[in-house]
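>>> My questions concern the predicted model and sequence given below.
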Amino acid sequence: MSSKMKKEDLLNDEDFKTLVGQKNTISWILTVLELVLYFGFIALIAFNKPFLAQKLTAGKATTIGIPIAVGTILLSWVFTGIYIFWANTKYDAMVKKLKDKVGG
Amino acid sequence: MHTTTIGTLNITSVIFFLLFVASTLAITWWAAKRTRTTKDFYAAGRSITGFQNGLALAGDYMSAASFLGIAGLVSTRGYDGLIYSVGWLVGWPIIMFLISEPLRNLGKYTFADVVAFRLSQRPIRAAAAAGSLAVVIFYLIAQMVGAGTLFKLMFGLPFEMALVLVGILMISYVLFGGMIATTWVQIIKAGLLLGGATLLVVMVLYKVDFSYGNLFGQAAAKYGDKFLEPGQLVTDPVDAFSLGLALMFGTAGLPHILMRFYTVPDVQAARKSVFYATGFIGYFYILTVTIGFGAAVLIGADSGKLGRDIIMTIDKGGNMAGPLLAEALGGPIFLGFLAAVAFATILAVVAGLTLAGASALSHDLYVGVIRRGQSNEKEEVKVAKIATVVLGVTAMLLAMAFKGQNVAFMVGLAFAIAASANFPALILSLMWKKFSTQAAVWSIYTGMVSAVVFIVLSPTVYIDILHKDTMAAITKQVTEIDGKAKTIDAEIEALTKQIVPADAIAKLKKKEQPAAAKKNADLQSSIDGKKKDKDALAAQKTAANATKPVAPIKYRNPGILSMAIAFLVGILFSFIFPEKDAEEKFATEKLREYVGIGAE
């Protein structure tokens, strides 16, 4: 077992840089996806109401807009699920590795 | 006439409510014995699990306004209500991706801990406390006025009685039980609300053979296809975008929500709690929307009257859709249960807000600014308790002062301030090395002030509240003019009918023709006279309309402007007033932010 690093040395550690890079990439990709999802929905309402007013199946009352709205809610939750899956498997493991390097 | 027991004191409701009060007070008593240190008082000793905190976050966020209001909006306006409900959820993923983990790693009790991490403590804490308090006060007033109004509407009891009851209970929870009691009040409330709403939805689905297609089909049959299409809610894209921004990033800047992340032991639990909270809240909005459509379809189904009409007779805003549906499907006992749940909901939300406000006063303002960070545990807990009472009483008095006023905009304002004052400073301090003290302080103040100023200058306050009477007078005048114009139109039509047609004149005897022609000429001149009167009326109408007050800012939602200003100030001032020291400390901040080294 090699000797423990100093905390400050972690800043120049490749593993730490990877950790920060990956965490920021995942966070921002998912943030942008969420923004696109919600503001895309708002844009549809603002600019293309007839699209949302289409019937899901001909002759039935339910419009496409209903599953799209509910889907926006569900997909938002799925995004948090994707993040937590990544964080629980990858992020925590990387953090543990770094903490081991400096001895907690 | 639709018969309902809404508006009278319901004995089941009283029993359920007393049960809730008794159990929450018992928990408070239990929690009081465990609340000694600041860590207990502000953060429940960091002993809450991810799942529990997820429920508590949902409890903090799901207000009676969203439960009753969104169901009402859906029942009266159909799809537009659904659009509105989506906006309330989308902030949660943002909290997950950008805020919850760094917040947990860097802070101690309030989000000001994070912003002040590498910047000058005193100015930052003063500014952050101001931002938090502004959000808390506006939110509290809206909730408490809502509680009073609801109390009156549901039980026919006085407004003030509700305020005193809510005030005393919320102060008791926070004062004696701190965060431990507040968390458990939230958890119980969330369980009751989700359970009650689920039960109501199962009853609705039972009536429509467990088919949403059936439910929507009946809704369309009663109210037309338009009921399931986007309508008038989004007319101006910029305004819709602005509201969306405030809801999304405001959620990520609400002090009582941010504070909850300190109640869990570590980042894993923090992120887990957001996942659970998002699930619960999303589920809740889907339930609420179903309740709204159910209310539109099923209320009054026996009497053949439209549910929407019955709902709007009892309350114009539609707030009684859920309770009326509960009564229609489950009788007075279920109505009583749901009314008690609605009241418990308000209580829990105001308790959470009071604790967040008291923490800003004691942890940030008193200890951080006045005592310059030098204070002991015992003193800080004492100050926090005094702050709880002061804030609670202030909120009660303010709510009394706003009795009968339109305070609906205050929730929107609270979100706009959270999005403009708290969120930009928080995110810039986390992400940007160059962010400096001056920049943070000015960003918070300008974000806060601009959100307030813009909403006052927008139609939301300028027209609907400040110039309400003028507007009403002019509208009345215009209606009168329209009425007169209509009378003249009818007169002109009647006169025109009397004119003898040319071919009829030709058929008349020679000596009768001049008389007929003269009669026609007379008629024509009176018609011309009337037409002139009509033109005069049209001119009057234009003149009257021209005197209508015009709001200096045409957008109803300030978010887009105030957020832009806050970010701009935050970035510009960082370049104008750079801070070498803070830039150097960013490295240590990063270690703690990402790896959790040194986290509390």
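Thanks, I have it.

>>> So which residue is dead centre in chain B?
When C-alpha atoms, centre = their mean is applied to chain B, the residue found nearest the centroid is B:Val411 (3.8 Å).

>>> Just give the nearest non-adjacent residue to it, would you?
Among residues not flanking B:Val411 along the chain, B:Ala142 sits closest, at 4.7 Å (C-beta to C-beta, 6 or more residues apart in numbering or on different chains). Quick note: C-beta positions are derived from backbone N, CA and C, even for glycine.

>>> roughly how far apart are the residue nearest the centre of chain A and chain B?
What sits nearest the mean C-alpha location of chain A, by C-alpha atoms, centre = their mean, is A:Leu30, with 3.0 Å. To chain B, A:Leu30 is 5 Å away according to C-beta to the nearest C-beta, to the nearest Å.

>>> Point out the other helices and strands that the strand or helix carrying that residue packs with.
Element membership for A:Leu30 (DSSP states H and E) is helix A:14-47. Using 3 or more C-beta pairs under 8 Å, 6 or more residues apart in numbering or on different chains; DSSP states H and E as the contact test, the elements touching helix A:14-47 are helix A:49-53, helix A:65-86, helix A:92-102, helix B:79-87, helix B:91-94, helix B:237-251.

>>> relative to helix A:92-102, how tilted is the second one?
So the one you mean is helix A:65-86. 30 degrees (axes from the mean of the first three to the mean of the last three C-alpha atoms, to 10 degrees).

>>> Which residues belonging to the helix or strand hosting B:Phe343 are considered buried?
In the assignment (DSSP H and E), B:Phe343 maps to helix B:321-359. Buried residues in helix B:321-359, counting neighbours by 16 or more other C-beta atoms under 10 Å in any protein chain shown, are found at B:321-330, B:332-359.

>>> ok, for B:Gly292, nearest residue in space, not its chain neighbours?
Per C-beta to C-beta, 6+ apart, closest to B:Gly292 is B:Val74, 2.4 Å.

>>> model confidence over the helix or strand where that neighbour lies, on average?
Counting by DSSP H and E, the element that carries B:Val74 is helix B:71-77. pLDDT averaged over helix B:71-77 equals 93, rounded to a whole number.

>>> got a list of what residue 37 touches?
Picking chain A for this. A:72, A:75-76, A:79, B:90 (C-beta atoms under 8 Å, 6 or more residues apart in numbering or on different chains).

>>> my question was about chain B
Per C-beta under 8 Å, 6+ apart, neighbours of B:Thr37: B:45, B:377, B:381.

>>> I'd assumed B:Ala32 was in contact with the last one.
No. Using C-beta atoms under 8 Å as the test, B:Val381 is too far from B:Ala32 to be in contact (11.8 Å).

>>> For the two, indicate the residue with more neighbours.
B:Val381 (20 against 16; other C-beta atoms under 10 Å in any protein chain shown).

>>> Give me the three-state assignment for the more buried one.
helix (DSSP: H, G, I helix; E, B strand; the rest coil).

>>> Which pLDDT value goes with the closest residue to it other than its chain neighbours?
Closest residue in space to B:Val381, ignoring its immediate chain neighbours: B:Phe41 at 5.3 Å, by C-beta to C-beta, 6+ apart. What the model reports as pLDDT for B:Phe41 is 96.

>>> my guess is B:Phe41 is in a helix, correct?
Yes. Using three-state DSSP, the assignment for B:Phe41 is a helix.

>>> so who does it touch?
B:35, B:178-179, B:381, B:384-385.

>>> neighbouring contacts of stretch B:533-542?
Taking C-beta under 8 Å, 6+ apart as the rule, stretch B:533-542 contacts B:478, B:481-482, B:484-485, B:488-489, B:492.
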